[in-house]
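Participant: 3D, please:
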Amino acid sequence: MEASEFWQAFAGQQRVFEFSADRGEKGVSEKRERRMGQMKFIEMTGSTLAEIVNDGELHVADLGSAGVKGGSIVRINQQGDIEVRKALKWDVVGGLLGNFEERVRKATGLDWA
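Facilitator: Numbering: from 1, shown residues only. Got it, this is the predicted structure:
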């Protein structure tokens, strides 16, 4: 397959994908959000994260080895994945379990954006 054929096929898949998402199929639209980089997060400092971590999750002692310091910028997505801001990218360092949504909202006063 030549490069031009590949991109034509890819473009065709993109249009079909967007059409399916527009029909309101929940699973497809969620995949589209993730694919398009529109996943929602709540951001906080490393200090705030250390306050809300429970047993069985990334431990406070592990935060430092994962590169999270008190003043670090971290974010949590709606699935509970914890990411820390590095100079050029976000690194996934762990995850929250259970009813973390309420803990995150209460500690930060923020909602998913």
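
Participant: residue 105 in helix, strand or coil?
Facilitator: helix (DSSP: H, G, I helix; E, B strand; the rest coil).

Participant: residue 47 versus that one, what's the distance?
Facilitator: Separation of residue 105 from residue 47 (Cβ to Cβ, to the nearest Å) stands at 17 Å. Quick note: C-beta positions are derived from backbone N, CA and C, even for glycine.

Participant: again with residue 95
Facilitator: Relative to residue 47, and taking Cβ to Cβ, residue 95 is found at 19 Å.

Participant: which intervals of the protein have sub-threshold pLDDT?
Facilitator: 1-37, 59-61 (pLDDT under 70).

Participant: give me the domain ranges for it.
Facilitator: Domains of the chain are assigned by automatic domain parsing as 3-35, 41-108.

Participant: quick check: end-to-end length of the last one?
Facilitator: I take that to be domain 41-108. With Cα to Cα, to the nearest Å as the measure, the ends of domain 41-108 fall 12 Å from one another.

Participant: from here on, call the first residue 527.
Facilitator: Renumbered: residue one is now 527, and that last one reads domain 567-634.
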